[in-house]
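[1] Next one to model:
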Amino acid sequence: MGGDVAPLTSDGKEIVMATQTYTVTGMTCSHCVSSVSAEVGAIPGVTDVQVDLASGTVTVNSDQPVDETAVAAAVDEAGYELAR
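    Down below sits the predicted model:
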């Protein structure tokens, strides 16, 4: 009987969960982490941001696909760049 049931929004639409990981260059301290986290976290649909200073990675969880250009713009606004 069971099976997986996808979570729904309040209006009955299925929530699509997405996780993307990016490499950010130039981060050197905890302030860098906070800045990147705040800017990326402000992107519509983003539900969680994990920034790893040691590896320079940013993992973005969202309830909808997030365009890489939006992430790049947010990282740029924080003063850093996505590695290409």
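[2] ok, residue 43 - contacts?
    60, 62, 66, 70-71, 74 (C-beta atoms under 8 Å, 6 or more residues apart in numbering). Where C-beta positions appear, they are placed from N, C-alpha and C, glycine not excepted.
[3] where do the strands sit along this structure?
    Shown for the chain, the strands assigned by DSSP state E span residues 18-25, 46-52, 57-62, 81-82.
[4] Touching the top helix by length along the chain from outside, list them.
    Under DSSP state H, the helix in the chain containing the largest number of residues is helix 30-41. Around helix 30-41, the neighbours that count as contacts under C-beta under 8 Å, 6+ apart are 24, 26-27, 46, 48-49, 51, 53, 58, 60, 71, 74-75, 77-80.
[5] List the buried residues of it.
    Buried positions in helix 30-41, judged by neighbour count with 16 or more other C-beta atoms under 10 Å: 32-33, 35-37, 39-40.
[6] Distance of residue 80 relative to residue 63?
    25 Å (C-beta to C-beta, to the nearest Å).
[7] One more: residue 81?
    Taken as C-beta to C-beta, the spacing of residue 81 relative to residue 63 amounts to 26 Å.
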